[in-house]
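Visitor: Let me see the structure of the following:
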Amino acid sequence: MPSLPSTKCSGCGACAQICNKSAISMMPNAEGFLYPQVNSELCVECKLCEKTCPVLNVKTSTDFSKRKSYAAICNAEKTRLESSSGGIFSVLAEKIINEGGVVFGAEFDSDFSVKHGWTDSICGLERFRGSKYLQSRTEDTFLECRKFLEDGRKVLYTGTPCQIAGLKAFLKKDYENLFTVDVICHGVPSPALWQKYIEFREKKSASRIVKTTFRRKNDGWKLFSLSFTFANGSEYSVNQSKGMWMLSFNKNVMMRPSCYDCVFKGSKILSDITIGDFWGIQNYIPEKDDDKGYSICFLNTMNGEKFFESVKKSLFTDEIKNYDCKKFNTQLLYSIELPKNRKKFISLCIKESFAVAYKKYVKVKFPVRVYYACRQFGGKILRNLGLRK
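Guide: Below you'll find the model as predicted:
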């Protein structure tokens, strides 16, 4: 098993999937994060897992300042509104599927945990569309990806930077028919706490959850909402300025330990294309800031540039030069800070409830709540006056 402290392991699963003896399993700890566990009776000490681990064998690509960047949205308005940002994933994925390929992405499981899966149909992409503010289980998708590649099919694999690094470490060679896209990653919160939050919401609504959406744009793109639909027909929806889950997420109190010292930043991002929210759009193309969602796309490789060029007819794009990642998308370059109350927050949440832990360690002070309320109200007035779409 990789000689890696738990504070460094990203949980990508490359070590478990590379093991020829099936001696490594990815098992959840008390916080719900997956870590490799070895069966000593099966292990033959070949060290293949250590040679594969992307954290122990960090690769370097080009600096972000040398990568082309574009502002982009898809032409299809409906797809854009159903997506977290500008709908770029859907455009890239449909291109691959229309050419007989396969797309891998993160989807909700039956208990609203998140796992990776694949599809080779357009209708199957619905499962992967939209952000999931949780860590996805890669399960056997690296193995499945390799099988499709060796069968000669085009593959688009999407995930976090550490998952893309894990996939490439697992494959151990380049494939012309592989395209990788990572999402700008703030960090991945505890799956165990997510289940505690679901438990809290279901108790409050006296009904089980049947659907959840993390980036609903009913309050606009910038004040996106987390929403739940319940079996009794009721709905809970609250924007990021008020919701307990998103406020806790933004306070960094429930992230995977490796997220506080992530090695897959800047020149260590190995995907062909990086996509995410175009924060700072008002400073670059203010006339297009319609609060419906805009993507920033970084073309990290020649393969990525060719892929992006091949779908441009389905996009509205603007090349963005000298994009200031340090100011508008710091997650591209830097890890989040470790809050001093992280352990206390998680412990209290698991011991009692999410609501109790939130009220003690996260709840936003009154002046901040007033600020966000005014911002939301002002946005509605501007839209009513026709000054904002």
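Visitor: From now on I want contacts and neighbour counts done on CA atoms only, so please keep to that.
Guide: Will do.
Visitor: Low-confidence regions, the stretch 1-150 of the chain specifically.
Guide: Along the stretch 1-150 of the chain, the model assigns pLDDT under 70 to residues 1-3, 64.
Visitor: ok, which stretches of it are strands?
Guide: 24-28, 34-38, 68-74, 102-108, 114-119 (DSSP state E, counting those that start in this stretch).
Visitor: export those strands to a markdown table and tack on distance to residue 266?
Guide: Shown next, in a markdown table, are those (distance: least, Cα to Cα, whole Å):
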| stretch | distance to residue 266 |
| --- | --- |
| strand 24-28 | 27 |
| strand 34-38 | 25 |
| strand 68-74 | 14 |
| strand 102-108 | 22 |
| strand 114-119 | 24 |
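Visitor: Residue 236 is nearest to which of the ones you listed?
Guide: Minimum separation from residue 236 across the strands of the stretch 1-150 of the chain (Cα to Cα) falls at strand 102-108, 18.3 Å.
Visitor: what sits against residue 299?
Guide: Residue 299 makes contacts with 67, 68, 69, 272, 273, 274, 305, 308, as judged by Cα atoms under 8 Å, 6 or more residues apart in numbering.
Visitor: One more: residue 164?
Guide: Residue 164 neighbours (Cα under 8 Å, 6+ apart): 157, 158, 180, 181, 182, 270, 271.
Visitor: Pick the one among the residues you listed closest to residue 120.
Guide: Comparing those against residue 120 with Cα to Cα places residue 157 closest, at 12.1 Å.
Visitor: Just to be sure, that closest one is in a helix?
Guide: No - counting by DSSP: H, G, I helix; E, B strand; the rest coil, one finds residue 157 to be strand, located in no helix.
Visitor: That one: neighbour count?
Guide: 26 (other Cα atoms under 10 Å).
Visitor: quick one, what contacts it?
Guide: Counting by Cα under 8 Å, 6+ apart, residue 157 makes contact with 103, 104, 105, 145, 164, 178, 179, 180, 181.
Visitor: now the contacts of residue 164: which count as buried?
Guide: Taking 16 or more other Cα atoms under 10 Å as the criterion, what is buried in these is 157, 158, 180, 181, 182, 270, 271.
Visitor: May I have the secondary structure class of the fifth one?
Guide: Just to be clear, that refers to residue 182. Three-state call for residue 182 (three-state DSSP): strand.
Visitor: List the contacts of it.
Guide: Residues counted as contacts of residue 182 (Cα under 8 Å, 6+ apart) are 158, 159, 160, 161, 164, 271, 273, 274, 275.
Visitor: count of residues packed around the last one?
Guide: The one in question is residue 275. If you count neighbours by other Cα under 10 Å, residue 275 ends up with 23.
Visitor: returning to what we had before: residue 47: which of the contacts of residue 157 is nearest?
Guide: When these are ranked by distance to residue 47 (Cα to Cα), residue 164 comes first, at 21.4 Å.
Visitor: Surely the closest one is in a strand?
Guide: No - assigned with three-state DSSP, residue 164 falls outside any strand and is helix.
Visitor: mind checking pLDDT for it?
Guide: At residue 164, the pLDDT value in this model is 98.
Visitor: so how far is residue 113 from residue 342?
Guide: As for residue 342, its distance to residue 113 is 21 Å (criterion: Cα to Cα, to the nearest Å).
Visitor: could I get the contacts of residue 164 as TSV with pLDDT and distance to residue 350?
Guide: Formatted as TSV, the contacts of residue 164 follow (pLDDT from 0 to 100; distance: Cα to Cα, whole Å):
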residue	pLDDT	distance to residue 350
157	98	33
158	97	31
180	98	36
181	98	34
182	97	31
270	94	35
271	96	35
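Visitor: now the residues you listed as TSV including distance to residue 301?
Guide: As requested, these are exported to TSV (distance: Cα to Cα, whole Å):
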residue	distance to residue 301
157	15
158	15
180	10
181	11
182	13
270	9
271	8
